[in-house]
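**Q** Sharing a sequence plus its predicted fold:
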2 protein chains.
Amino acid sequence: MSNGRHLILDLYNCDPGILDDYEELQRLLEASLVMAKANILRIIGEKFKPQGVTLLALLAESHASIHTWPQLGYCAIDLYTCGDTTQTHKAAEFLKQKLKAKISEQKELKRSVAPITSV
Amino acid sequence: MSNGRHLILDLYNCDPGILDDYEELQRLLEASLVMAKANILRIIGEKFKPQGVTLLALLAESHASIHTWPQLGYCAIDLYTCGDTTQTHKAAEFLKQKLKAKISEQKELKRSVAPITSV
């Protein structure tokens, strides 16, 4: 049985310098996922021109993503994990703080599986 | 201004064979993203043991992901794109059909940016 939790964060008024710093964002994402006890299998990313960064983390428990718009101070983060061992709320709090978000919106979607035996 | 649309699909009673076929899933994901007019920068993935596949697509417009649980016939798909050029609903319909989902739940989140000038 999958027990999926999908945290969706929209962070506003973040530090634009950090939002455009690929290496720092990767370091923060990794640290947040370690803190959440997620198992990172691979991280890929892209530094966009003139600005903006995307990072995608492939996890044993599903995935995490960060997309940034430094010019707007805005950042969209997804933390989607399955199972009962991860603590993604800790990762979310850490990232909000490190990105210096002054305003944040957070949603949590349950993506659990309810097997359907007849249609 | 970012105009983010995040389609979230939970597909049930899919074809378990397709859900465990890494190459076929990658082919279908790529085809769906081309259909949606998204620009694929890179795709990574993992074939889990004993079963299950994760695929992550890094897009110029954000990202797409597929996580499958063949043993449950269940699949979680995210299609998150920014800008007005992509047509992710087409990708969603294509994937529902190709994965032979008998039941699907679909949500669309607006992740547009509303810059906040004072806190």
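**A** Everything's here; your move. Every value quoted in this text rests on a predicted model; they were computed, and no experiment measured them.

**Q** near chain B, which residues of chain A?
**A** Along chain A, the residues adjacent to chain B under the rule Cβ under 8 Å from any Cβ of the partner chain are A:1-2, A:4, A:6, A:8, A:10, A:12-13, A:41-42, A:44-46, A:48, A:54, A:56, A:58, A:60, A:62-63, A:65, A:67, A:69, A:72-74, A:76, A:78, A:80, A:82, A:102-103, A:107, A:109, A:111, A:113-116, A:119. C-betas here are computed from N, CA, C, even on glycine.

**Q** Show the buried residues in those residues.
**A** The neighbour-count test (16 or more other Cβ atoms under 10 Å in any protein chain shown) applied to these identifies A:2, A:4, A:6, A:8, A:10, A:12-13, A:41, A:44-46, A:48, A:54, A:56, A:58, A:60, A:62-63, A:65, A:67, A:69, A:72-74, A:76, A:78, A:80, A:82, A:109, A:111, A:113 as buried.

**Q** Next step: these restricted to strands.
**A** A:4, A:6, A:8, A:10, A:12, A:41, A:44-46, A:54, A:56, A:58, A:62-63, A:65, A:67, A:69, A:74, A:76, A:78, A:80, A:82, A:109 (DSSP state E).

**Q** Now do the buried residues in the top helix by length along chain A.
**A** Criterion DSSP state H: the longest helix present in chain A is helix A:22-35. By neighbour count on 16+ other Cβ under 10 Å, the buried set for helix A:22-35 is A:22, A:24-26, A:28-30, A:32-33, A:35.

**Q** Can you report how many residues lie near A:Q51?
**A** 14 (other Cβ atoms under 10 Å in any protein chain shown).

**Q** repeat for the one 4 residues further on
**A** A total of 23 residues lie near A:L55 under the criterion other Cβ under 10 Å.

**Q** Hmm, it is touching A:I40, no?
**A** No: if you go by Cβ atoms under 8 Å, A:L55 and A:I40 don't touch, sitting 11.2 Å apart.

**Q** how about A:S62, what does it touch?
**A** Neighbour list for A:S62: A:4, A:80-82, B:54, B:65, B:67, B:76 [criterion: Cβ atoms under 8 Å, 6 or more residues apart in numbering or on different chains].

**Q** same thing with A:T81?
**A** Residues near A:T81 by Cβ under 8 Å, 6+ apart: A:4-5, A:36, A:38, A:59, A:61-62, A:88.

**Q** Out of the residues you listed, which two sit at the greatest distance?
**A** Using Cβ to Cβ, the pair of the contacts of A:T81 lying farthest apart is A:G4 and A:A36, separated by 14.4 Å.

**Q** SS state for the nearest residue to A:E24 once chain neighbours are set aside?
**A** Closest residue to A:E24 apart from its sequence neighbours, by Cβ to Cβ, 6 or more residues apart in numbering or on different chains: A:I18 at 5.7 Å. Following DSSP: H, G, I helix; E, B strand; the rest coil, A:I18 is assigned to helix.
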